[in-house]
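In: Pasting the sequence and the predicted model now:
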Amino acid sequence: PPLPGHEAEATASHAIPPPDPALLEASPAGPLPRIGADGRQPRLAYARPFDRADTRPRVALVIPDASEAALPRLPGAVALALPEAPASLLATARARGLETLLLLPPGLEAPEAALGRFAGYVGVLGAVEPGLQRTFAERGLLVLDPRPGAPPRRAWGRAADLQLENAPTRGEIDRQLAQLERLAREQGSALGLLPGAHPLIVSRVAAWAAELPQRGLVLAPVSAMIRRPSSAER
């Protein structure tokens, strides 16, 4: 169904710009992200606007490989992690203000072969070793590590705090979202990785996110959750 008027206006105000040629480098593998000549970085250029003065505990969610049909039902602050994506899906995500991440293949050895699969993303999601972290940082990308307790050290990034499991029931999904919420209250922020875009998961996430403000939390985009590289390892 179409978005209500006030929600449509909010979506428009959070829209993410299309890929900027100034932030792309031509290569045989496709256009690669890069830091612009003026210093602009993809991790900021394609970020969803967020009030960083907001002091409420922050919760962020990443969902892998969602279909275009699922996007209107997802909260706008949820991020998509995609191995590749058709142009129509990316355009819909940008219009909704959903940040995108490149989902890295396991055992990545040649990052350039993966980075050109699509354009306009804030960063990458994968178990990235320190040497590759630096490579992504030099291209202005953030790095999310799916392994709790393994935060990136040489790039702007973050480790997941919780990997939610593929639960078959509404109650189990709600229990895991409540666990993520508790982590956010304890730590000040928490990032969760969803197992997929099953309709029941999408439905429960939408209902849960709608009630977060009433409970004193805010659903934040991934770009508002990252941490700076460790100075000793840059």
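Out: Nice, thanks for sending it over.

In: What residues of stretch 56-74 count as buried?
Out: By neighbour count, and taking 16 or more other CB atoms under 10 Å as the criterion, the buried residues in stretch 56-74 are 56-64, 66, 70-71, 74. For every residue, glycine as well, the C-beta is placed using N, CA and C.

In: Out of the residues you listed, the closest to residue 28 would be?
Out: The closest of the buried residues of stretch 56-74 to residue 28 turns out to be residue 64 (CB to CB; 27.0 Å).

In: mind checking how far the closest one is from residue 55?
Out: 30 Å (CB to CB, to the nearest Å).

In: count of neighbours near residue 174?
Out: In terms of burial, residue 174 registers 15 neighbours under the definition other CB atoms under 10 Å.

In: quick one: it is in a helix?
Out: Yes: secondary structure of residue 174 (DSSP: H, G, I helix; E, B strand; the rest coil): part of a helix.

In: thought it was touching residue 203?
Out: No: with contact defined as CB atoms under 8 Å, residue 174 and residue 203 do not form a contacting pair (10.8 Å).

In: returning to that earlier point: Throw the buried residues of stretch 56-74 into a markdown table and include pLDDT and distance to residue 183, thanks.
Out: As requested, those are exported to a markdown table (pLDDT from 0 to 100; distance: CB to CB, whole Å):
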| residue | pLDDT | distance to residue 183 |
| --- | --- | --- |
| 56 | 96 | 14 |
| 57 | 97 | 9 |
| 58 | 97 | 11 |
| 59 | 98 | 8 |
| 60 | 98 | 11 |
| 61 | 97 | 12 |
| 62 | 97 | 15 |
| 63 | 96 | 18 |
| 64 | 91 | 20 |
| 66 | 89 | 23 |
| 70 | 91 | 25 |
| 71 | 93 | 26 |
| 74 | 94 | 21 |
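
In: Mind picking the one among these that's closest to residue 34?
Out: Nearest to residue 34 among the buried residues of stretch 56-74, counting by CB to CB, is residue 62 at 23.4 Å.

In: so how far is residue 206 from the spatially closest residue to residue 148 that is not a sequence neighbour?
Out: Of all residues beyond its chain neighbours, the one nearest residue 148 is residue 160 (5.4 Å), with distances taken as CB to CB, 6 or more residues apart in numbering. Between residue 160 and residue 206 the computed distance is 21 Å (CB to CB).
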